[in-house]
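Peer 1: Sequence and predicted structure are below.
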Amino acid sequence: MIAYNPNVLARLKAWLHRPAAWLDQAAFSPASLRDDLITGIALAPTIVAGLVIFKIRAVEMLAIALALGIGAHLVARWVWRHDIPRPQPSAVIAAIVGVALVGGGASLVTSAEIAVLAVILELLRARYISAIRAQAGLLAFAAVAIVTRGAPLAYTNPATGKPFPDPIALWYVQPSLPASYDPVTLYVGNVAGPVFATSLLAVAIGIAWLAYSRRLSLVVAVGFLAGAVVAIGAFHWDYVAHLDSGPTWFVAGLLLADRRNLPASWAIRPVLGLGAGLLAVGLRVRGYGIEAAFLTVAGVQAVMAIVVVLMWAASLGRERWQRNRRLRQREAQLRAVKSA
């Protein structure tokens with residue numbers, strides 16, 4: 001017979017109390033969670049869907065993102081351990097977002113390049129210009145895609161693993177949607193495309209979590225939808241074929257409509273969403289596939305980042321000019337006193 005030990009029971013209760021309290025907080029007060037944790041939970045369904053659909057390739061890409069992201073986070077904590085307040089860079093989130101948009105046919109070296117650039121950009125943003133509101137992973141993906149002329153945009157058929165175009169590319173060649181890409185298949189995400197963003201179902205779950213945690217800008221999301229609907233209606237396209245797209249709503253709902261990545265001004269948000277929706281879908285008339293949405297949202301965030309940098313530089317320049325002017329006035333007053 002095992003003897004009753006009250007100390008062991010007390011330790012067990014204390015050990016179980018923390019996860020229980022965290023679950024209670026996540027269920028009933030999600031807005032009080034850390035920003036990175038909220039974003040990580042929103043990305044979790046898309047990660048699970050990618051692992052189920054693309055299997056080994058998704059595991060390899062996720063391992064690269066986690067290894068580089070966690071390593072960069074540990075290095076940042078060690079380098080900036082004496083800084084108060086300690087910066088909280090989302091290196092892991094940035095690496096995962098960058099790799100999430102890479103196709104299954106792309107080289108693992110490409111995924112590593114995007115992850116490295118993403119963590120560097122995120123560390124620099126968090127350390128020096130934290131006022132920039134942009135997803136470093138998306139910017140890193142766009143930069144590598146432009147420099148390499150589309151290396152991350154190599155997509156494969158999830159069933160065979162062979163190179164295969166994404167649904168929008170097939171639509172451009174044949175405007176009537178192929179039978180193999182029916183709305184249900186597109187919704188589930190068992191199609192060629194970005195490894196961790198093909199499933200609209202998983203993306204919708206992530207967007208719903210952002211909305212529940214009060215991190216989703218409904219104005220931007222509705223504006224993006226309105227812009228996309230206007231573009232589709234103007235060209236007389238099929239609404240289901242273009243709106244039933246996991247990658248499009250991954251960047252529109254999880255990245256663009258995230259309040260943490262938006263400017264503080266409420267007036268610009270609906271215009272931002274509307275313009276992004278028009279460009280992301282309207283550019284498909286020029287032969288651009290789902291990458292049009294990626295580059296559009298990345299361009300919007302890059303422009304906002306440039307504006308913030310320019311305003312920051314102007315503010316520093318004004319402060320320096322005022323300081324120099326006060327020094328010159330002080331020197332003039334000292335010379336006047338000495339002369340007297």
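Peer 2: Sure, I can see it.
Peer 1: how many other residues sit next to the spatially closest residue to I38 that is not a sequence neighbour?
Peer 2: Nearest residue to I38, sequence neighbours excluded (CB to CB, 6 or more residues apart in numbering): S213, at 5.0 Å. In this view, the C-beta of every residue, glycine as well, is placed from N, C-alpha and C. Per other CB atoms under 10 Å, the neighbour tally for S213 reads 21.
Peer 1: Roughly how far does S213 sit from V251?
Peer 2: To V251, S213 is 19 Å away according to CB to CB, to the nearest Å.
Peer 1: pLDDT below threshold where in this protein?
Peer 2: 1-28, 82-89, 175-180, 340 (pLDDT under 70).
Peer 1: repeat that with 50
Peer 2: 1-2, 84 (pLDDT under 50).
Peer 1: Give me the packing partners of the longest helix that it contains, helices and strands only.
Peer 2: For the chain, the helix with the greatest residue count under DSSP state H is helix 291-339. Counting contacts by 3 or more CB pairs under 8 Å, 6 or more residues apart in numbering; DSSP states H and E, helix 291-339 is packed against helix 136-147, helix 246-249, helix 268-282.
Peer 1: thinking again about what came up before, ok, the residue nearest to I38 - contacts?
Peer 2: Shown in contact with S213 (CB atoms under 8 Å, 6 or more residues apart in numbering): P30, A31, L33, I38, I41, A42.
Peer 1: from those, which would you call buried?
Peer 2: Buried members of the contacts of S213, scored by 16 or more other CB atoms under 10 Å, are P30, L33, I38, I41, A42.
Peer 1: Remind me which helix or strand the fourth one belongs to.
Peer 2: When you say that, I think you mean I41. Secondary structure assignment for I41, by DSSP states H and E: helix 35-54.
Peer 1: Pull the residues that contact that helix.
Peer 2: 26, 30, 58-59, 62, 88, 90, 92-93, 96-97, 100, 104, 156, 158, 189-190, 195-199, 201-203, 205-207, 209-210, 213, 215, 246, 250, 254, 258, 260.
Peer 1: Would you mind writing the PyMOL command to select the buried ones in the residues you listed?
Peer 2: Entered in PyMOL, the line below selects the buried ones among those, by 16+ other CB under 10 Å:
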select buried, resi 26+30+58+62+90+92+93+96+97+100+104+156+158+189+190+195+196+197+198+199+202+203+205+206+207+209+210+213+215+246+250+254+258
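Peer 1: In helices only, show me the contacts of helix 35-54.
Peer 2: 26, 58-59, 62, 92-93, 96-97, 100, 201-203, 205-207, 209-210, 246.
Peer 1: Would you mind putting the contacts of S213 into CSV with distance to Y288 alongside?
Peer 2: What follows is the contacts of S213, written out as CSV (distance: CB to CB, whole Å):
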residue, distance to Y288
P30, 36
A31, 36
L33, 37
I38, 31
I41, 31
A42, 26
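Peer 1: Between those, which sits nearest R125?
Peer 2: Nearest to R125 out of the contacts of S213 is I38 (CB to CB; 18.2 Å).
Peer 1: Next one: that closest one relative to V99, how far apart?
Peer 2: Remark: distance between I38 and V99 (CB to CB) = 20 Å.
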